[in-house]
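Novice: this one's structure only:
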């Protein structure tokens, strides 16, 4: 399949999966990274605050105070994926917002990004790549983050994202290992992005509510969480709400009780599940979290939505965030990481 100027292009048809649903399954990834997490620390460098050990959203090092300036934390992340929508400009915006989100999830502010682009140069016109990059630059500009270049390769599948550097106060980080019993859980974006994107890939239907959700920055939610004194958060992306909540609970040594009726959903998400538009990534997420989850009498469709592989989802914060629904609470560690109610 080769696209030309005369042929309408559906970018999602050039990829085996879409968005964060194309991530390596969490169980397989942890098997690969397990031994690396115990590697000896590097001597002589900036102190590592957050690394591989807890599977957090980004790496963080501390730059010591110098010349009268306060100590700062440098936040570093990279994120890229295959097309999640057919419109190249929207894909660029979504991918950039998703990459920037890792910095916001750590309580930081992004300051510099570089593009990561893989492009099938013999299949897709470069005009489309320019639109993808334009979308990424526009979202970075909205975030107040410079885009200073990047790297590109010729690849059979189109892929786009960013490597992002941010700054944070080392004393006011949001970490996935800082949860404690008694804290409420807030979710700042609704679920259902995965199933709606999968329906879009299969049918070409466009879901404006999904695009608007994915391009929205998590900046305001991060700032609001910090203003409320929160210290624990993660963003909800490819491993689904249940996967990311399990990782947070495990890292913090607690359990989480989730009120399934309080979890916000995008319009059309339940119908997309009923109609069968569930990605393989979502099903793998559900299989991975099943041993760590007490599902109670939660129905099958709701379980899939709670494991739905999100792209550029919201922040899951241990604390109350103005305007965001409270969907559960952290409790002392029990037999399961997550209990559904």
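Specialist: Ah, there it is. Note that the coordinates shown come from a computational prediction; the quantities given were computed from them, not determined experimentally.
Novice: quick one, strands of the stretch 1-150 of the chain?
Specialist: For the stretch 1-150 of the chain, the strands defined by DSSP state E, counting those that start in this stretch occupy 48-50, 59-63, 72-81, 109-119, 146-154.
Novice: where does the residue nearest the centre of the chain land on pLDDT?
Specialist: Centroid-nearest residue in the chain: residue 237, 3.2 Å away (criterion: CA atoms, centre = their mean). With respect to pLDDT, residue 237 scores 96.
Novice: give me the below-cutoff pLDDT ranges for this structure.
Specialist: Scanning the chain for pLDDT under 70 picks out the ranges 1-7, 17-24, 27, 29-44, 66-69.
Novice: and it, what are its domain boundaries?
Specialist: Domain assignment for the chain, taken from automatic domain parsing, gives 11-168, 184-340.
Novice: in a markdown table, list those domains along with distance to residue 176.
Specialist: Every C-beta, even on glycine, is put in place using the N, C-alpha and C of the backbone. Output for the domains of the chain, formatted as a markdown table (distance: least, CB to CB, whole Å):
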| stretch | distance to residue 176 |
| --- | --- |
| domain 11-168 | 5 |
| domain 184-340 | 5 |
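Novice: most tightly surrounded among the ones you listed?
Specialist: domain 184-340 (a mean of 21; mean count of other CB atoms under 10 Å).
Novice: which phi and psi does residue 82 have?
Specialist: phi -70, psi 170 (degrees, to the nearest 10).
Novice: tell me if I'm right that the residue nearest to the centre of the chain and residue 315 touch.
Specialist: No: with contact defined as CB atoms under 8 Å, residue 237 and residue 315 do not form a contacting pair (10.6 Å).
Novice: could you pull out the helices for the stretch 51-200 of the chain?
Specialist: 88-105, 126-142, 193-203 (DSSP state H, counting those that start in this stretch).
Novice: export the ones you listed as TSV, with columns for distance to residue 297.
Specialist: Converted to TSV, those look like this (distance: least, CB to CB, whole Å):
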stretch	distance to residue 297
helix 88-105	32
helix 126-142	41
helix 193-203	22
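Novice: out of those, which gets nearest to residue 256?
Specialist: If you check each of the helices of the stretch 51-200 of the chain against residue 256 by CB to CB, helix 88-105 wins as the nearest, at 17.0 Å.
Novice: between the closest one and helix 126-142, how big is the angle?
Specialist: 30 degrees (axes from the mean of the first three to the mean of the last three CA atoms, to 10 degrees).
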